[in-house]
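Asks: Quick one: sequence and predicted model below, then my questions.
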Amino acid sequence: MEVGDDLLGRVKILENRFHGEISQVANDQELLRLKACYLGKQGHLAEVLRGLGQMPSEQRPLLGQEANRLKQVIDHSCRDTLKRFEDEKKQKKLAQGVVDLTLPGRSAVLGSAHPLRQTMEEVEDIFLHLGFSIFEGPDVEQDYYNFAALNISANHPARDMQDTFYIDGDFLGGHVGPPLLRTHTSPVQIHVMESHKPPIRMIAPGAVYRRDSDITHTPMFHQVEGLVVDQEVRFSDLQGIVALFLRKFFGKRGVRFRPSYFPFTEPSAEVDLACAACEGKKDKSACRLCSGTGWLEVMGCGMVHPNVLRHVKYNPEKLTGFAFGMGIERMAMLRLGIPDIRLFYENDLRFLRQF
Amino acid sequence: MRVPISWLQEFVPFTMKTGELAHRMTMAGFEIEQILNLAGEEVLEVNITPNRGDCLSIQGMARELAAILRCPTQLPRSQKQRGTLQKIKSLPQFKVKVSAKKECPRYAVLFMDNIAIGPSPVWLQDRLSQVGVRSINNVVDLTNYLLWETGQPLHAFDLDKIRGNIINVRRALPEEKFLDLRGEEHQLSQNDLVVADAEGPMALAGVIGGKDSEVDEGTKRVAIECAFFNPDAVRSTARRLGIATESSYRFSRGVDPSQIEAVLQRITQLILELAGGSPISGYVDISNHSVKNRAISFHPSSIRRLVGTDWKLSEMKQIFQALGFRMAGSGDRWRVTVPAFRRDLSEEIDLVEEVVRLGGIGRIPETFPALKSGQQEVPIDFYEKRKMRRLLAGVGLSEAIHYSFMDPEDLRKFDESLLTKAVTLANPLGLADSILRPSLLPTLLKTVAYHHHHKILDVRLYEWRKVFQRHDGDISVPSRVGTIEEPEMIALALSGRSLFHHWSGKGEVNFYELKGVVERLLSGMGVKNPSMTRTEQSFLHPGKSATLSVDGMNIGFFGELHPEVAAHFDLRHNIYLGELSWAGLKGHMRQDRSFRPYSMFPWVERDLSILVDQGVTSGALQKAILQAGLGLVQEVELFDVYQGDKIPVGKKSLAFAVRLGRNDRTLNDSQVTEMYDKMVSILTQQFNAEIR
Ligand SMILES: [Zn+2]
């Protein structure tokens, strides 16, 4: 056998041996050692190539080619194996940080505005979009603003409807009567008309007080009052604005106006909203939400009484207006399905955090 | 008011179903709240608005219903008259006198003899039970029956119990007392109107009868009063004494004096039928009253101007006729004469309302008022308030809303000094609601306690409301009366576990968490340079609380609730409280919100770990670091505080991360080192600090 054949044969043997050994390698350290063992300066391949000088010159290129090929095979093989080890390591690492998807997340706890406040802001926003201004007034009012200026004289039967809290002591001067907690937000109408020239297009949100406390009444509650005064304002305009508001707030529901009475408006009307629980049903008699009537009273409204305009020195021959009012508690209860008005004032966090 | 259908049908011959009837009445301003079934019959529960005193009876309601249905009314068969009752000037040996003519414009009284008092027949008892009145005896029941049927209150006196043969309608005398038929005694005032005999009041006129002159089983002779008392006189007495009766309710809304004779005829007839007896001579009727029908001018064109739709002239005429109005004039100028009992009608707008009510409100379209002004005003702080509320929610607080009332006792327990500022109600619901809140904190604390009692210990609440504070006037200066101010306050309360509490890391709320909340709120609203100093609020822990001020003005305080106050409110866990003045915050909010440039180059971070005496504050060290940095310090962050056995007693260790940089270039190592050394030397000199 010639030297050349022998050397080529050894390359072949080396290749087989390498494949055998690399399959046994367990980690990247061993792999590096194995690679050095074959391709290093003192490695197996170098050793074979040292016999190159003894070969016939025409066979040398062939051996060179074979040795190079083996070197590439080993390189590739080692690189692939190394990559496999790295991938395995990554997989192992990824497998370690697996989370429990059911454990609670960590974040800052957000609080919330009171459902009454949220409802109030929603009502305000609808009217802001309709071009209404917003005015506020004091909770402690004078008799004149709460009653007299609103066409409720001292002996008016309507005073029986609203039992009033009076303040003890001498305030604001004795001649105007004792101060009181306003029984409605309507006094703000008077303050605004006294200080502004028409046209007026406003709402007045705020707390009001009545001497009444039972399952359906709290001694303090919230109202939003609205007022539009200008030339040529008509009852039909009132219906348009009020119905638009209710549809924005409650969604598309039936709205009806029903004649009623308030001392400071005439003609006056109560506004009813079709009962969501039984609207469209044939038999409404069993409905508990609306006591079988099919309607829920949500607002009061009417054309501003000429006497009210006279009190603020507006000329009722030239100016007309309408006013409307709603109870925020009632709006929120209907909207959010809250069964008891007293829940608003209990302030239980299990209640507050629902909204 | 309850209206039995069959009773109504005696006056109006309608046949429609009750549901339809209820709808028609509701849409004409008489809301049917309920349809009841009582004593085997349908009964309407009608809500009668306070302006319609004329409808507080079956007859009144029937009159209105006939107008709604545009059909005639009829007199019930039983009411067709038999014989007539004579009006007489006076009775022999008995005097009827009206001393208070203004308060009693008309007073009629009927005398009957040989009465047999007994139970009422079933039909009468049923009718009364349907309207919610207890049956007593035939005569009393008949007075009640006629009150419901005609709206005219009647009162029956036992004639034999009237002392001195005199009935006098007069004002009460000073110190006079009155025992009503319910057995309650009342102290009268000179403004009260009474019906008296020779010895004293027998009835509070129009309000309630007296015990001493009551009709009972032994009654043989009766005097039946049928009067018109001044509505204001009746109302003020009823209101002052807190007595509400069917009679006072009707008198204060105005009864119709023109039907007095008819009512007396009717009661005579019914008593004769049910209780026997005979009228003595006739009835006495003292009248200082003349009925005048009002004429109101009306322009049909006003309907379009005020309502926004038209009714035909013939339709309007039909409506007015149905209501019993008389019309004169032509074109756009009408004179409409209305019946005297319609006390609610006095000017044109009242007639417009009648057209809308009976012409069908559903006919009015929806239109929109022209927007003629581009001006839209909101309160000056409207949007700031909304921003602040977002911040409050963002720091994890839920909003509470309490009544404006509170218990003075709670205020005493919280901070007695606030009592002098409190506004007191003259007529509270009870002592526990008798003052207006001068501070939000006591009620908020009670809500925290409520949660603790329900085993909910993690509480994060705020309340933002007006408080009410009185400023008493100077008595020696008449023009300086007291005032009541309504400033808005924001109260905060925290208890239980930290906002950052989590299964992955635990913690309790503490002073610094509340401080963080306050700082976040202030920085969020752009409040510049707030300073915190030790506070003297009696209800806060002296060592763990702060007063907050800006530019020397106090704007609030916060801290741990004083353990003694906590004990008063039965609170066993630490509570952190604060109160901020909205006016104070608002006054110091940064208005200019313009861009400030920041460095495009990376900063260099160096840690400074400093050992100092315990008395040295973090704030002082931080200030020194910033000053030493000569504008190159971009941020200083405290990241560790240590006190304990690893360092000497009386010392503490604070570690700051100091971030150095310039806006125009990167700092090199030697600049950083130079700066660092300078900070170290300043800290060493100023605070005797040791750098570790
Ligand atoms: Zn319903």
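Replies: Yep, that arrived.
Asks: okay, now the domains of the chain?
Replies: Just so you know, I chose chain A. A:3-96, A:115-352 (automatic domain parsing).
Asks: Let me rephrase: I mean chain B.
Replies: Taken from automatic domain parsing, chain B resolves into B:2-74, B:87-287, B:294-361, B:382-587, B:604-691.
Asks: any chance of these in CSV, with distance to chain A too?
Replies: C-beta: built from backbone N, CA, C; applies to glycine. Below are the domains of chain B laid out as CSV (distance: least, C-beta to the nearest C-beta, whole Å):
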stretch, distance to chain A
domain B:2-74, 3
domain B:87-287, 5
domain B:294-361, 3
domain B:382-587, 4
domain B:604-691, 19
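Asks: Worst mean pLDDT among the domains of chain A?
Replies: For these, mean pLDDT drops lowest on domain A:3-96, to a mean of 87.
Asks: hey, which helix is longest across the chain?
Replies: Going with chain A. helix A:60-96 (DSSP state H).
Asks: meant chain B, my bad for not saying
Replies: Longest helix of chain B, by residue count under DSSP H: helix B:669-687.
Asks: in that helix, what's buried?
Replies: For helix B:669-687, the buried set under the neighbour-count rule, 16 or more other C-beta atoms under 10 Å in any protein chain shown, comprises B:V672, B:M675, B:Y676, B:M679, B:V680, B:I682, B:L683, B:Q686, B:F687.
Asks: Switch these over to CSV; also include distance to A:I328.
Replies: Shown next, in CSV, are the buried residues of helix B:669-687 (distance: C-beta to C-beta, whole Å):
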residue, distance to A:I328
B:V672, 60
B:M675, 59
B:Y676, 60
B:M679, 57
B:V680, 61
B:I682, 59
B:L683, 57
B:Q686, 58
B:F687, 57
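Asks: so B:L142 touches B:L124, yeah?
Replies: Yes - contact criterion C-beta atoms under 8 Å: B:L142 and B:L124 qualify, at 7.4 Å.
Asks: Give me the common contacts of these two.
Replies: Residues touching both B:L142 and B:L124 (C-beta atoms under 8 Å, 6 or more residues apart in numbering or on different chains): B:L274.
Asks: So for these two, which residue has more residues nearby?
Replies: More neighbours surround B:L142 than the other of B:L142 and B:L124, with 24 against 18 (other C-beta atoms under 10 Å in any protein chain shown).
Asks: where are the low-confidence patches of chain B?
Replies: Chain B contains residues with pLDDT under 70 at B:77-84, B:473-482.
Asks: what sits against A:E66?
Replies: A:E66 sits in contact with A:L8, A:V11, where contact means C-beta under 8 Å, 6+ apart.
Asks: tell me which element the closest residue to the ion within chain B is part of?
Replies: Closest to the ion within chain B is B:Q34: 13.8 Å, counting by C-beta to the ion. Assigned by DSSP states H and E, B:Q34 falls within strand B:31-38.
Asks: buried ones in whatever helix or strand comes next after that strand?
Replies: Toward the C-terminus, strand B:31-38 is succeeded by strand B:41-47 as the next helix or strand (DSSP H and E). By 16+ other C-beta under 10 Å, the buried positions in strand B:41-47 come out as B:E42, B:V43, B:L44, B:V46, B:N47.
Asks: got it, and stretch A:229-246?
Replies: In stretch A:229-246, counting by 16+ other C-beta under 10 Å, buried: A:229-230, A:233-243, A:245-246.
Asks: Please list which of those are also close to chain B.
Replies: Residues shared between these and the neighbourhood of chain B are A:D230, A:V233, A:R234, A:F235, A:S236, A:D237, A:Q239, A:G240, A:I241, A:A243 [C-beta under 8 Å from any C-beta of the partner chain].
Asks: Which elements pack onto the strand or helix carrying B:I224?
Replies: Assigned by DSSP H and E, B:I224 falls within strand B:222-228. In terms of contacts (3 or more C-beta pairs under 8 Å, 6 or more residues apart in numbering or on different chains; DSSP states H and E), strand B:222-228 is packed against strand B:106-115, strand B:154-158, strand B:166-171, helix B:260-275.
Asks: among those, which is nearest B:I647?
Replies: Ranking the helices and strands packed on strand B:222-228 by proximity to B:I647 (C-beta to C-beta) places strand B:166-171 first, at 90.0 Å.
Asks: ok and the closest one relative to strand B:154-158, angle-wise?
Replies: 130 degrees (axes from the mean of the first three to the mean of the last three C-alpha atoms, to 10 degrees).
Asks: need the next SSE after strand B:166-171, C-terminal direction.
Replies: According to DSSP H and E, the helix or strand after strand B:166-171 is strand B:177-179.
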